[in-house]
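No letters, just coordinates:
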């Protein structure tokens, strides 16, 4: 079985990283697999560039491998070494070192990692059902939202709470992947959150469950502007987009803001399907360069709802992979104005192949280009209008129920609406 994915902040939807991701209800693949966070494949920072030495040829590699393997089995001191452990290390090494530029996206996935990714791509994870925003400086995670009926809601976790530690572990200087890896886990097991609420410190044991989450949100903003947030791309995303666009059309939206901030990607096919909801027939969504010299272009079939209204797209440094090529497609083919900050810069396609022992390998099978042939690999897509916004302020704005107050608290959203008035 093969999965085609943009496993980036494998959110993959209700917890938030340097953006927002689900903590047991969230996004990714991404991001995110093969990482500390089983459901998020996109690291909070670019993957470490794996150094490979190409200064001299490595002849006789197979014989050298056998020699090293036998030597380690016989002589290695300080740790127990098994043949299977060496084969696992060899596979991990091949994946990480095959490509100095993109090796950080290639992973050996355990059965647990694989299950987490597949669940995330179906719009569910095993966790607590709280959406969080992580601050690596303080190590605290702000609770942005709580899913109805989730373990977090049952435990009285509330928006505005700060998660100080998870299972007694602090996260200063760590990444959102580290936090999510600790919060998520096996269904039926307990995770303990220490939460700061006003001036009270609460210790909340929560039993993990399999939690379904929504990756889209829509609402009407002032000036008859429709707003549609897309947190990641999974099996539920296109249906959520269609519902949101229909709702906004019923309220006579004259313009549209598509919010892809913090969107780490997810399923490639679902990102393609989601882009089609906005683009004219025949528009190129993305081009994929594979080993086959002939590029593969993915074309839109034609949008039907709010297909002609002016559009703005919000992005930030956590908009990655599928979030980026969808942005580029809307910019080029829909003439959408891109507002916010430069995107992450992951323009490659990974696939997942099962192994006979229940593990799987995730590896790069394509390099992406926009419809016009541009790629933003390693540099990110620069917005048409740059708006620098404090992430904590944006998170606070997302919790605001009053649309006018929300716009006032969110500089990028406020800028997008001003541009759409023209």
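It's in. Predicted, not measured: the structure shown is a model, and the values here were computed from it.

excluding its backbone neighbours, what's nearest residue 368?
Counting by Cβ to Cβ, 6 or more residues apart in numbering, residue 368 lies nearest to residue 347, which is 4.2 Å off, once chain neighbours are set aside. Glycine gets a C-beta too; all of them are placed from N, C-alpha and C.

my read: that neighbour touches residue 367, true?
Yes: at 6.6 Å, residue 347 counts as touching residue 367 under the criterion of Cβ atoms under 8 Å.

Just want to know which of the two has more residues nearby.
Shown here are residue 347 and residue 367; by other Cβ atoms under 10 Å, residue 347 has more neighbours (28 against 17).

check contacts around that one.
Residues near residue 347 by Cβ atoms under 8 Å, 6 or more residues apart in numbering: 321, 324, 325, 367, 368, 369, 375, 376, 377.

now do residue 396
By Cβ under 8 Å, 6+ apart, the contact set of residue 396 is residue 409.

Please report how far it lies from residue 162.
Residue 396 is 13 Å from residue 162, where distance means Cβ to Cβ, to the nearest Å.

and what of residue 195?
Using Cβ to Cβ, residue 195 is found at 7 Å from residue 162.

Could you do residue 198 as well?
For residue 198, the distance to residue 162 - Cβ to Cβ - is 10 Å.

What about the closest residue to residue 287 other than its chain neighbours, how many residues nearby?
Excluding the flanking residues, the one nearest residue 287 by Cβ to Cβ, 6+ apart is residue 369, at 4.3 Å. Number of residues near residue 369 (other Cβ under 10 Å) recorded here: 21.

Same check on residue 146?
24.

Run through the bridge partners of it.
residue 130 (DSSP bridges).

list the contacts for it?
The neighbours of residue 146, taking Cβ under 8 Å, 6+ apart as the test, are 129, 130, 131, 152, 153, 157, 158, 159.

Equivalent analysis for residue 255, please.
Listed by Cβ under 8 Å, 6+ apart, the contact set of residue 255 reads 223, 224, 225, 226, 309, 310, 311, 312, 417, 420.

So which of these wins on neighbours?
Per-residue neighbour counts (other Cβ under 10 Å) across the contacts of residue 255 peak at residue 312, which has 28 neighbours.

thinking again about what came up before, narrow the contacts of residue 255 to those in helices?
Among these, the ones falling in helices (DSSP state H) are 417, 420.

hang on, the earlier thing: overlap in contacts, residue 195 and residue 162.
Taking Cβ under 8 Å, 6+ apart as the criterion, residue 195 and residue 162 both touch residue 143.

Quick check on those two: which one has the bigger neighbour count.
Under the criterion of other Cβ under 10 Å, the comparison of residue 195 against residue 162 puts residue 195 first, with 22 against 17.

thought residue 244 was touching residue 220?
No: using Cβ under 8 Å, residue 244 makes no contact with residue 220, being 10.9 Å away.

neighbour-wise, which of these two wins?
residue 244 (24 against 16).

Do you know the pLDDT at that one?
Note on residue 244: pLDDT of 98.

burial count for the nearest residue to it once chain neighbours are set aside?
Closest residue to residue 244 apart from its sequence neighbours, by Cβ to Cβ, 6+ apart: residue 218 at 3.4 Å. By other Cβ under 10 Å, the residues close to residue 218 number 20.

Look up phi and psi at residue 218.
With angles defined as degrees, to the nearest 10, residue 218 sits at phi -130, psi 150.

Take the contacts of residue 146 and write them to CSV, including pLDDT.
Listed next are those as CSV, based on pLDDT from 0 to 100:
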residue, pLDDT
129, 92
130, 92
131, 87
152, 95
153, 94
157, 95
158, 93
159, 89
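
What is the nearest of those to residue 267?
Distance to residue 267, by Cβ to Cβ, is smallest for residue 131 among the contacts of residue 146, at 19.9 Å.

can you tell me how far that closest one sits from residue 221?
21 Å.

more neighbours, these two?
Shown here are residue 131 and residue 221; by other Cβ under 10 Å, residue 131 has more neighbours (30 against 22).

Now do the helices in the stretch 151-300 of the chain.
For the stretch 151-300 of the chain, the helices defined by DSSP state H, counting those that start in this stretch cover 151-154, 176-183, 237-250, 268-276.

Pick the most buried one from those.
Of the helices of the stretch 151-300 of the chain, the one with the most neighbours on average (mean count of other Cβ atoms under 10 Å) is helix 176-183, at a mean of 27.

Does anything pack onto that helix? Which helices or strands?
Applying 3 or more Cβ pairs under 8 Å, 6 or more residues apart in numbering; DSSP states H and E, we find helix 176-183 packed against strand 130-134, strand 162-166, strand 190-197.

Near residue 228, how many residues? Count them for me, please.
Residue 228 has 25 neighbours, counted by other Cβ under 10 Å.
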